[in-house]
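Visitor: what follows is a predicted protein model with its sequence.
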Amino acid sequence: MISARLWLLCLAVIQAFTTEAQPAELHAEVPENYGGNFPFYIIKLPLPLGRDKGQIVLSGDSSTDAQDPFAVDPESGFLVATKALDREEKAEYRLQVTLESEDGQVLWGPQPVTVHVKDENDQVPQFSQAIYRARLSQGTRPGIPFLFLEASDGDAPGTVNSDLRFHILNQSPVQPFPDMFQLDPRLGALALSPRGSTSLDPALEGPYQLLVQVKDMGDQASGHQAIATVEISIVQSTWIPLGPVHLAENLQVAYPHNIAQVHWDGGDVHYQLQSQPAGPFNVDAEGRIHVTTELDREAQAEYLLQIRAQNSRGEDFAEALELQVVVMDENDNAPVCSPHDPAISIPELSPPGTEVITLSAEDMDAPGSPNSHVVYRLLSPEPEEGAEEKAFELDSTTGRVMLGTAPLHPGQDIPLQVLAVDLAGSEGGLSSTCEVVVTITDVNNHAPEFITSQIGPVSLPEDVKPGVLVATLTATDADLEPAFRFMDFAIEEGDPKGIFDLAWEPDSDHVQLRLRKNLSYEAAPLHKVVVVVRNVEELVGPAPGPGATATVTILVERVIPPLKLDKESYETSIPVSTPAGSLLLTIHLSEPTSRAHRFSLVNDSEGWLCIKEGSGEVHTARSLRGAKPGDTYTVLMEAQDTDEPGLSTSATIVVHFLKASPVPRLAVAPGPSRHLCTPRQDYGVVVSGASEDPDQANRHGPYSFALGPNPTVQRDWRLQPFNDSHAYLTLALHWVEPGEYMVPVVVHHDAQMWQLQVQVFVCRCNLDGQCMRKVGRMKGMPTKLSAVGVLLGTLAAIGFILILVFTHLALARKKDLDQPADSVPLKAAM
Ligand SMILES: *[C@@H]1O[C@H](CO)[C@@H](O)[C@H](O)[C@H]1NC(C)=O
Ligand SMILES: *[C@@H]1O[C@H](CO)[C@@H](O)[C@H](O)[C@H]1NC(C)=O
Ligand SMILES: CC(=O)N[C@H]1CO[C@H](CO)[C@@H](O)[C@@H]1O
């Protein structure tokens with residue numbers, strides 16, 4: 001018992017925290033069932049001074065009839081309790097204190113005051129039942145509560161006064177052990193003890209009786225208590241393992257469909273079901289196991305269900321029961337072709353039996369069952385009726401497709417269709433078609449061949465430039481694949497010196513035979529070039545045949561180079577008085593050649609010129625009568641190959657005419673002696689044109705000289721122009737019989753022509769290259785008149801002369817020869 005004085009002290013402390021101005025709610029406590037004197041001073045109210053002027057009014061909240069147990073002592077200002085309070089009746093009072101004037105005006109307050117009744121352990125715990133009855137199944141695990149005892153206590157919750165503990169006071173029978181059970185002191189959960197669970201005797205007659213106690217004040221020894229009886233009957237376990245359940249897939253029944261049942265014959269039981277893997281199963285409160293929808297074996301062929309019997313706290317009474325659910329197969333899946341290449345390539349020439357592909361089909365139905373027993377049938381290409389040779393052979397059990405004996409053609413695309421049927425192909429089996437396109441690929445089994453094996457003869461001029469196209473050869477290849485048609489060409493034989501070469505585009509089927517070096521007719525007038533063609537890719541199968549080579553025959557045409565003149569055109573200027581036979585110019589070939597050729601004038605319409613066929617000397621053919629000074633005369637000259645008349649070249653000769661140069665008076669001494677000695681010496685006889693000119697008056701222009709047409713004369717003598725008016729006559733032969741000669745000389749002058757007979761004495765040469773003169777024959781003049789005169793004179797003077805001779809013989813023996821006065825050494829004159 002706490003004294004009232006102590007309470008006052010506590011209240012004073014609370015009060016110290018309140019302010020007079022703001023009447024905060026006051027809390028106070030009153031012990032329950034207070035056994036001391038009344039009134040019980042609860043709390044001093046903070047009434048203002050001069051409270052006697054008004055009237056203190058105490059009121060309760062709406063539910064409380066506050067006046068009964070409480071009052072305000074006007075003397076002390078204390079709130080007092082007038083009688084003992086029962087917490088179980090009312091644990092809290094809410095009061096208001098006001099100071100009112102007589103006319104009802106509130107002078108102070110309202111001051112709220114809450115009075116708590118402090119609990120006293122005055123209540124006895126109560127079991128919810130006097131006798132509890134429970135069924136305890138064998139096999140219940142120890143420590144798993146099968147019964148929950150319930151008890152209540154009216155004292156303040158949360159306090160020790162209502163803190164209950166359960167205990168087993170007595171067990172009857174005490175067989176086989178006195179502590180078969182355990183009771184959780186705080187929860188009242190009754191379970192088998194470990195010992196009890198192992199030794200629960202089913203043969204026990206009658207139930208167990210337990211005397212159980214509930215007591216308050218927690219674990220303290222004191223407190224109120226109550227007693228109850230628990231009757232526990234032991235039952236046989238009905239929690240027995242379940243055999244597997246076989247369920248057809250796609251089962252058409254009403255769902256949920258009961259497939260099994262379990263039963264826990266014990267107290268309050270709750271069933272739980274777990275499916276491994278998760279499946280459409282459940283269990284109801286009675287332990288009936290259901291499948292809720294159709295099953296699909298292909299999705300899940302087996303389930304393992306675990307069913308548990310649990311108490312209200314979700315604890316397993318015993319080990320979970322397992323139920324195996326096996327889903328039975330139905331042929332609800334057609335075979336499905338396994339993924340494979342949609343296109344298969346098989347090279348041509350592959351032997352029969354070559355594997356093309358293995359078309360397998362998967363059937364999702366139960367393995368090993370007929371539902372998944374797949375066989376194969378070839379749908380396409382359909383084996384032709386009566387055809388011996390099949391394109392493909394099919395192994396119906398493995399789906400392996402092999403090449404048949406039918407020939408394959410490259411480039412062919414064969415659609416292959418294979419039917420896969422389950423139920424081993426029997427009636428009602430499901431099927432699907434596997435398709436693949438088999439492409440027969442080309443093999444390089446054809447060698448390229450030339451279209452023609454002989455080409456030509458091709459004629460090529462000798463001088464054709466290297467690089468020229470000789471021939472184009474075309475080849476074919478029967479293979480399809482472009483890569484197998486690529487060709488390589490080579491000259492196999494016939495061209496050891498590499499005169500020819502080949503050119504081709506990499507992907508071309510024709511090749512050009514071209515000239516690489518100069519041709520030479522002399523070296524080889526004929527070429528037979530053998531060209532071979534091969535595939536770039538390696539050839540499969542037989543070696544190339546004769547068609548892989550072609551022979552090109554080339555004939556070399558001889559080319560004779562044209563004659564070439566040393567000038568493109570020739571020009572000369574001559575006076576119009578130039579006599580006939582004058583040399584104007586000489587035409588030469590630019591390169592000396594061994595080939596015979598001749599020169600000619602093409603259009604010498606005036607006939608003024610002539611050309612020496614062999615030497616190319618151009619002379620005036622006659623006097624240029626009609627030519628005017630300042631005129632130009634152009635003549636086309638042609639040089640021709642004697643052997644190949646077609647080969648010729650031409651050039652113009654341009655002659656410019658000048659004024660006639662005055663012909664100077666010829667000062668040739670008349671009647672010169674004309675002695676020439678033989679063998680030939682290098683001097684000649686001067687022939688004057690002018691002195692012999694019958695028409696002396698007209699002396700315009702040069703004279704020209706020519707030997708007479710007599711061949712002997714032409715052979716023996718040579719006439720060379722010396723100057724405009726004179727010419728040299730010399731021996732042409734080395735040796736001319738000594739004697740007197742009359743050499744005919746044709747003289748052209750001024751469009752006139754006449755012939756001279758030039759007398760020449762040919763004598764033997766002495767050691768000095770002079771005429772060996774016989775005495776008496778040296779003084780002769782060419783004319784007959786003078787010869788006669790000389791003869792007569794000689795006879796008269798012969799005696800005188802003889803005297804002179806013999807007189808001077810001793811004096812001057814040396815001089816026995818006369819030098820011919822007018823025989824001029826040719827060397828000196830040139
Ligand atoms: C080939 O002939 C041409 C003229 O026809 C000549 O210029 C060239 O030098 C010759 N080449 C050879 C390699 O003889
Ligand atoms: C000769 O032919 C050449 C070239 O055709 C020409 O220039 C010339 O005038 C011709 N001469 C005569 C005299 O016809
Ligand atoms: C025109 C001219 O020069 N005439 C001469 C040719 O040669 C002979 C012989 O030497 C001379 O006598 C001419 O005068």
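Guide: That came through, no problem. Numbers count the residues shown, from 1 in each chain. Ligands and ions are numbered 1, 2, ... in the order given.

Visitor: going by C-alpha atoms from here, please, whenever you check contacts or count neighbours.
Guide: OK.

Visitor: in the stretch 301-450 of the chain, what residue is nearest ligand 2?
Guide: Phe450 (53.6 Å; Cα to the nearest ligand atom).

Visitor: contacts only, for that residue.
Guide: Leu473, Thr474, Ala475, Thr476, Val533, Gly547, Ala548, Thr549, Ala550 (Cα atoms under 8 Å, 6 or more residues apart in numbering).

Visitor: now, which of those sits nearest Ser369?
Guide: Taking Cα to Cα as the measure, Ser369 lies nearest Thr476 of the contacts of Phe450, at 59.6 Å.

Visitor: the closest one bridge partners, please.
Guide: Note on Thr476: beta-bridge partners by DSSP bridges are Glu449.

Visitor: surely it touches Ile451?
Guide: Yes. Counting by Cα atoms under 8 Å, Thr476 touches Ile451, with 6.9 Å between them.

Visitor: which stretches of the stretch 551-700 of the chain form strands?
Guide: Remark: strands assigned in the stretch 551-700 of the chain by DSSP state E, counting those that start in this stretch are 569-575, 583-586, 597-601, 609-611, 617-620, 632-641, 648-658, 675-678, 685-688.

Visitor: possible to save these as CSV with distance to Leu242 and mean pLDDT?
Guide: What follows is those, written out as CSV (distance: least, Cα to Cα, whole Å; pLDDT from 0 to 100):
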stretch, distance to Leu242, mean pLDDT
strand 569-575, 135, 87
strand 583-586, 143, 86
strand 597-601, 135, 90
strand 609-611, 145, 91
strand 617-620, 145, 88
strand 632-641, 131, 91
strand 648-658, 130, 90
strand 675-678, 164, 84
strand 685-688, 166, 80
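
Visitor: dump these to JSON lines, plus distance to ligand 3 and mean neighbour count.
Guide: Converted to JSON lines, these look like this (distance: least, Cα to the nearest ligand atom, whole Å; neighbours: other Cα atoms under 10 Å):
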{"stretch": "strand 569-575", "distance to ligand 3": "14", "mean neighbour count": "16"}
{"stretch": "strand 583-586", "distance to ligand 3": "16", "mean neighbour count": "16"}
{"stretch": "strand 597-601", "distance to ligand 3": "30", "mean neighbour count": "20"}
{"stretch": "strand 609-611", "distance to ligand 3": "23", "mean neighbour count": "22"}
{"stretch": "strand 617-620", "distance to ligand 3": "19", "mean neighbour count": "20"}
{"stretch": "strand 632-641", "distance to ligand 3": "26", "mean neighbour count": "19"}
{"stretch": "strand 648-658", "distance to ligand 3": "17", "mean neighbour count": "19"}
{"stretch": "strand 675-678", "distance to ligand 3": "16", "mean neighbour count": "25"}
{"stretch": "strand 685-688", "distance to ligand 3": "7", "mean neighbour count": "25"}
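
Visitor: ok, which of those strands comes nearest Ile259?
Guide: strand 648-658 (126.4 Å).

Visitor: who does the closest one pair with, and is each partner parallel or antiparallel?
Guide: When DSSP bridges is applied, strand 648-658 pairs with strand 569-575 (parallel), strand 632-641 (antiparallel).

Visitor: quick one: the residue of the stretch 301-450 of the chain closest to ligand 2 from Leu187, how far?
Guide: The gap separating Phe450 from Leu187 is 111 Å, by Cα to Cα, to the nearest Å.

Visitor: equivalent analysis for Ser199, please.
Guide: From Ser199 to Leu187 the distance is 25 Å (Cα to Cα).

Visitor: and Ser520, by the same measure?
Guide: 131 Å.

Visitor: more crowded one of the two?
Guide: Per other Cα atoms under 10 Å, whichever of Ser520 and Leu187 has more neighbours is Ser520, with 17 against 14.

Visitor: contact partners for the more buried one?
Guide: Contacts of Ser520 (Cα under 8 Å, 6+ apart): Glu462, Asp463, Val556, Arg558.

Visitor: export these to JSON lines and tack on pLDDT, distance to Leu419 and neighbour count?
Guide: Shown next, in JSON lines, are the contacts of Ser520 (pLDDT from 0 to 100; distance: Cα to Cα, whole Å; neighbours: other Cα atoms under 10 Å):
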{"residue": "Glu462", "pLDDT": "89", "distance to Leu419": "75", "neighbour count": "18"}
{"residue": "Asp463", "pLDDT": "88", "distance to Leu419": "76", "neighbour count": "16"}
{"residue": "Val556", "pLDDT": "92", "distance to Leu419": "72", "neighbour count": "23"}
{"residue": "Arg558", "pLDDT": "84", "distance to Leu419": "78", "neighbour count": "15"}
